[in-house]
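> here is my input; please provide its structure:
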Amino acid sequence: MPQPDPQQPETAGSPAPGPVDTGPEAWPAAGELPVATISDAMERFGVADGIRPLWRGAALSGRAFTVWTRPGDNAGLHAAFEQIRRGEILVVSGGGDETRALIGELVAEKALALGVGGIVLDAAARDVVELERVGVPVFARAVTPAGPWKTGPYRLGETVAVGGVAVAPGDWVVGDDDGVAIVPAGRVEDVVAATHELLRGEGERREANRRLVPRG
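Predicted structure coming up:
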């Protein structure tokens, strides 16, 4: 297993060729469907506990590319950048560790150059202001200025646990201001249809609420 040199700077890569991998049947785009309603459509399951956007308005939607790493170590993230396809979401199981940031500005710039659709960390991040400037949506458990180790071990492309939810490679990962939901790849079509149905019902209740008048 390759082990990145901890003394080497993190540099941006080249944009990946080919079309954006948005998933089968053009899965909904980032921000198109509310995560809260998607969760309702899955009977409130599938929400990654404790994982939050690092700035208001961050949103993502795409296939999961999974990384399982030891707490506080980001060697696996750099290895993932050698394989991840444009539009995929980098989903990292870091054991919920909050003491070391697995990404910062330089890693975000690399993700941007490669067309990564977003990053979800069951771990910490840093350089929050710069991450927002770079514009790659980042969802994480915590923020800390402490940097990561870079020695491994790690695993790529395996089913991982993120915020108490199992995430398999290719699952639909969707995030907005409320957090992150994971939809199994084989259920996306049904969940999207159920979400639209719930949104129609919410619209009807919203109209009914507007017609209410105070008593007395």
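> got the CA positions of the strand ranked longest in the chain in CSV?
Under DSSP state E, the strand in the chain containing the largest number of residues is strand 60-69. Taking C-alpha atoms only, strand 60-69 is exported to CSV below (Å, rounded to 0.1, in the frame of the first residue of the first chain):
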residue,chain,number,x,y,z
LEU,A,60,-23.9,18.0,-2.5
SER,A,61,-25.4,15.1,-4.3
GLY,A,62,-23.7,12.1,-5.9
ARG,A,63,-22.4,8.6,-5.7
ALA,A,64,-20.3,7.6,-2.7
PHE,A,65,-16.6,6.9,-3.0
THR,A,66,-15.7,5.4,0.4
VAL,A,67,-12.6,5.6,2.5
TRP,A,68,-12.0,3.9,5.8
THR,A,69,-9.0,5.3,7.7
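> that one - what's its average pLDDT?
For strand 60-69, the mean per-residue pLDDT is 98.
> who does that strand pair up with?
Sheet pairing for strand 60-69, assigned by DSSP bridges, gives strand 89-93 (parallel), strand 154-156 (antiparallel), strand 172-176 (antiparallel).
> in CSV: these, plus mean pLDDT.
Shown next, in CSV, are the strands paired with strand 60-69 (pLDDT from 0 to 100):
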stretch, mean pLDDT
strand 89-93, 98
strand 154-156, 98
strand 172-176, 98
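> dump these into a markdown table; add mean neighbour count and distance to Pro184 as well.
All C-beta atoms are positioned from the backbone trio N, CA, C, and that covers glycine. Putting the strands paired with strand 60-69 into a markdown table (neighbours: other CB atoms under 10 Å; distance: least, CB to CB, whole Å) gives the following:
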| stretch | mean neighbour count | distance to Pro184 |
| --- | --- | --- |
| strand 89-93 | 27 | 13 |
| strand 154-156 | 19 | 20 |
| strand 172-176 | 27 | 8 |
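> out of these, which gets nearest to Ser39?
Across the strands paired with strand 60-69, Ser39 has its closest neighbour in strand 172-176 (9.8 Å, CB to CB).
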